[in-house]
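Participant: Mind looking at a prediction? Sequence and model below.
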Amino acid sequence: MKLHEKIKVVDRRKKRLGQGYGSGKGGHTSSRGQKGQKARNHVRLSFTGSSWVWFKRLPFIRGKSRFNSLDKVATITLNDLEHLPAGSTVTPATFGVKRAKVVGTGTLTKKLSVEITATKGAAEAILKAKGSVRGQTA
């Protein structure tokens with residue numbers, strides 16, 4: 001093997017900022033500009049200057065029910081059920097939600113097996129289309 005046939009291997013390390021002149025970035029300000037908070041250390045993502053951070057501006061809800069507002073009930077109409085294939089089983093996972101409720105808006109002509117809470121009008125419409133309702137009726 002000759003010197004000009006040798007394979008080039010490039011192994012460069014990341015430049016370490018603020019580590020003196022040997023870091024390859026110069027010494028004095030080390031590419032961080034001049035004065036200020038960003039020149040000295042890391043600024044957290046939630047930092048907004050002098051104003052309150054966004055999560056401290058939210059209302060403070062006490063008690064065990066403070067997370068219930070995050071888990072809302074999805075409203076599913078009979079028109080939404082009409083788009084599903086006949087004979088299918090309807091669960092909250094069908095619509096990609098944790099909790100769901102079927103309301104009697106629209107019409108249903110397909111036979112479906114519904115395992116979701118339904119209103120009285122929606123349950124009647126599902127049973128009229130020869131389907132079944134296994135969830136609670138409200």
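Facilitator: Structure received.
Participant: got a list of contacts for stretch 119-138?
Facilitator: The contact list for stretch 119-138 (CB atoms under 8 Å, 6 or more residues apart in numbering) reads 78, 81, 101-104, 107-118. Where you see a C-beta, it was placed from the backbone N, CA and C, and this is true even at glycine.
Participant: Tell me which of those residues fall in strands.
Facilitator: Judged by DSSP state E, the contacts of stretch 119-138 include 101-103, 113-114, 117-118 as members of strands.
Participant: can you give me the strands for this protein?
Facilitator: 74-77, 89-90, 100-103, 113-114, 117-118, 132-133.
Participant: avg pLDDT for stretch 95-103?
Facilitator: Averaged over stretch 95-103, pLDDT sits at 89.
Participant: Quickly list the domain ranges of this structure.
Facilitator: Domain ranges of the chain: 14-58, 69-133, per automatic domain parsing.
Participant: now the helices for this protein?
Facilitator: 37-40, 78-82, 120-128 (DSSP state H).
Participant: Dump those to CSV, plus distance to Phe95.
Facilitator: Shown next, in CSV, are those (distance: least, CB to CB, whole Å):
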stretch, distance to Phe95
helix 37-40, 46
helix 78-82, 8
helix 120-128, 15
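Participant: Figure out which of those helices is closest to Phe47.
Facilitator: For Phe47, the closest of the helices of the chain is helix 37-40, at 8.5 Å, according to CB to CB.
Participant: who's in contact with the closest one?
Facilitator: By CB under 8 Å, 6+ apart, helix 37-40 touches 29, 32-33, 43.
Participant: hmm, back to that, identify whichever of the domains of the chain lies nearest to His4.
Facilitator: Among the domains of the chain, domain 14-58 comes nearest to His4, with 27.9 Å by CB to CB.
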